[in-house]
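> Model the structure of this input:
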Amino acid sequence: MEQNEKDYNFFRKQIILFQLREEGGRIMPFIRKRRIWWEPVPEATSYVIYAGRDRNIFNPPNFLWEATPGIISKLISGKTELIIPDEWPEFPTEPATYYIGITSRDEVGNQSDPFLSQGVFKFKSPAPPSNGGIESL
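Sure thing, here's the model as predicted:
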């Protein structure tokens, strides 16, 4: 990351914190968002994103698309990315490795086999320090 981009990100965060204080809002912990993306498929009219903690549920004999037990899904139209947790508030908040399956869907509802990826998701911040202060030296 270039220095200009780092500076921009720092000042952007400061402006957001200032706006929260000015509006009387509570300053929330910083939670890093995750972007799930995929390459577009010309024949697809939409995509379905699946998430689960067990990689085996995505194996062909176990995967039943939306009817697969142990996974959640979200239909996506008109784009090839999803920002978690903003655009999928139902995504689990329990810290874990999640397997993400992405299928292409056509105009009649046919779906491809899933493209599978995985990542560590954690949408909870650690606790703040329990004590601290400022001292003159």
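> any idea how far the spatially most central residue of the chain is from residue 119?
With distances taken as Cα atoms, centre = their mean, residue 84 lies nearest the centre of the chain, 2.3 Å away. To residue 119, residue 84 is 10 Å away according to Cβ to Cβ, to the nearest Å. Where C-beta positions appear, they are placed from N, C-alpha and C, glycine not excepted.
> got it, and residue 108?
Separation of residue 108 from residue 119 (Cβ to Cβ): 31 Å.
> Please identify which of these two sits among more neighbours.
Comparing residue 108 with residue 119 by neighbour count (other Cβ atoms under 10 Å), the higher total belongs to residue 119, at 12 against 6.
> Would you agree that one is in contact with residue 100?
Yes - using Cβ atoms under 8 Å, residue 119 is in contact with residue 100, at 7.0 Å.
> show me where the chain has helices.
Under the criterion DSSP state H, the chain contains helices at 3-22.
> re earlier: between residue 84 and residue 119, what contacts are shared?
Both residue 84 and residue 119 are in contact with residue 34, where contact means Cβ atoms under 8 Å, 6 or more residues apart in numbering.
> Sketch out the low-pLDDT regions of this protein for me.
Counting by pLDDT under 70, the ranges of the chain that qualify are 1-28.
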